[in-house]
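*Asks:* Return a 3D structure for these sequence lines:
(one chain, ligands or ions: 2)
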Amino acid sequence: MNDLAIEVENLSLAYEIDRNLSGTFKGALIDRLRGKTEREKFFAVNDVSFHVEQGETFGIVGANGAGKSTLLAVIAGVLPPIKGRVVVRGTVAPIIGLGAGFDNEMTARENILMYGALFGRESNQMKERVNHILDWAELSEHAYQPVRTFSSGMVARLAFAVATDVEPDVLLADEVFAVGDERFRHKAEARMLGLLQGGATVLIVSHNLQQIKKNCDRVMWMDHGRIVEIGPAEEVVKLYEEASVDPAPLSRENQV
Ligand SMILES: Nc1ncnc2c1ncn2[C@@H]1O[C@H](COP(=O)(O)OP(=O)(O)OP(=O)(O)O)[C@@H](O)[C@H]1O
Ligand SMILES: [Mg+2]
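*Replies:* Ligands and ions are numbered 1, 2, ... in the order given. Next comes the predicted model:
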């Protein structure tokens with residue numbers, strides 16, 4: 001049996017965006033009103049290849065806009081790649097964009113059932129689990145409210161609770177360390193730890209470099225859609241931190 005949980009080969013994803021023909025904001029607005037826009041492809045993930053072993057905890061770091069969330073969405077099967085290949089072995093549970101997968105008009109309950117259907121869970125099993133999921137997320141009182149009435153922390157709690165209710169083979173976690181308030185964060189961290197120790201393969205995207213160092217075996221650093229470095233967590237985080245430090249501020253004498 002293949003012991004790779006995730007294989008990503010030469011993967012690229014491009015968003016279609018409006019090209020600004022004039023180069024100015026006002027010009028772009030006028031072009032749009034006149035219907036004179038041109039679409040161009042913007043590569044958010046560009047020729048990315050890497051493997052994750054079963055049971056491995058793999059971190060992804062990089063600046064805002066580096067393509068981390070886009071990559072996770074492609075691995076989750078939510079966005080189709082324009083080139084390359086993704087293989088994920090076993091059941092996959094994404095916590096991406098903290099609730100980005102939810103329909104705002106649907107109730108919390110309906111969203112849980114839809115999530116289950118999207119990611120291959122038995123509908124009977126989901127119906128049995130739905131109360132437990134709401135309970136764990138501490139949202140039972142809000143079960144029949146549309147998600148648009150939730151605070152962002154409540155949406156995050158729902159997303160985390162549904163994705164981690166049953167241990168998936170592969171968990172895709174985008175910024176889950178920011179989940180909810182202080183008390184809920186401890187609860188979420190304890191559950192994450194259980195998943196990590198239980199042998200699940202976990203892909204973690206985070207700006208919390210301490211958490212990344214503490215939990216991950218290997219780390220990938222992305223920049224502008226491409227891989228900069230892949231290696232042991234400590235080493236890659238150190239390189240990323242060094243590259244992210246601002247140039248030394250001007251000393252007082254140099255300031256006019
Ligand atoms: N729906 C979209 N349409 C067009 N461009 C998009 C879309 N979503 C993301 N992008 C662009 O793709 C690039 C990568 O975005 P992405 O959200 O994957 O970055 P990220 O690494 O997750 O950043 P962050 O650390 O801020 O979460 C960015 O330049 C972003 O502007
Ligand atoms: Mg992101």
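*Asks:* quick one: low-confidence parts of this protein?
*Replies:* Where the chain drops to pLDDT under 70, the residues are 1, 20-22, 97-100, 179, 247-256.
*Asks:* quick one, helices of it?
*Replies:* 25-33, 68-75, 108-118, 123-136, 152-164, 182-197, 209-215, 233-244 (DSSP state H).
*Asks:* any chance of those helices in CSV, plus distance to Gly55 and mean neighbour count?
*Replies:* Glycine gets a C-beta too; all of them are placed from N, C-alpha and C. Shown next, in CSV, are those (distance: least, CB to CB, whole Å; neighbours: other CB atoms under 10 Å):
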stretch, distance to Gly55, mean neighbour count
helix 25-33, 49, 12
helix 68-75, 17, 24
helix 108-118, 24, 20
helix 123-136, 24, 15
helix 152-164, 17, 23
helix 182-197, 9, 15
helix 209-215, 13, 16
helix 233-244, 15, 15
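*Asks:* Which one of those lies nearest to ligand 1?
*Replies:* helix 68-75 (3.2 Å; CB to the nearest ligand atom).
*Asks:* is any part of the closest one close to ligand 1?
*Replies:* Yes. Helix 68-75 lies within reach of ligand 1 by CB under 6 Å from any ligand atom, at 68-70.
*Asks:* before we move on, the earlier item: would you list the helices of the chain in a markdown table and tack on distance to Val61?
*Replies:* Formatted as a markdown table, these follow (distance: least, CB to CB, whole Å):
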| stretch | distance to Val61 |
| --- | --- |
| helix 25-33 | 32 |
| helix 68-75 | 8 |
| helix 108-118 | 27 |
| helix 123-136 | 29 |
| helix 152-164 | 20 |
| helix 182-197 | 17 |
| helix 209-215 | 6 |
| helix 233-244 | 5 |
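*Asks:* beta partners for Met222?
*Replies:* Gly62, Ile227 (DSSP bridges).
*Asks:* my guess is Glu105 contacts Met114, does it?
*Replies:* No. Counting by CB atoms under 8 Å, Glu105 does not reach Met114; the two are 11.4 Å apart.
*Asks:* what residues does the chain put near ligand 1?
*Replies:* Near ligand 1, when you scan the chain using CB under 6 Å from any ligand atom, you find 15, 17, 42, 44, 62, 64-70.
*Asks:* Neighbour-wise, give me the winner out of these.
*Replies:* Lys68 (25 neighbours; other CB atoms under 10 Å).
*Asks:* quick one: it and Glu53, what's the gap?
*Replies:* 20 Å (CB to CB, to the nearest Å).
*Asks:* where exactly do the strands run in the stretch 1-150 of the chain?
*Replies:* Secondary structure of the stretch 1-150 of the chain (DSSP state E, counting those that start in this stretch): strands at 4-19, 38-53, 57-62, 83-88, 92-95.
*Asks:* Can you say which of the ones you listed is nearest to His224?
*Replies:* Ranking the strands of the stretch 1-150 of the chain by proximity to His224 (CB to CB) places strand 38-53 first, at 7.4 Å.
*Asks:* Return the list of strands paired to that closest one, each annotated with direction.
*Replies:* strand 4-19 (antiparallel).
*Asks:* Show me what counts as buried in the partner strand.
*Replies:* 5-8, 11-14 (16 or more other CB atoms under 10 Å).
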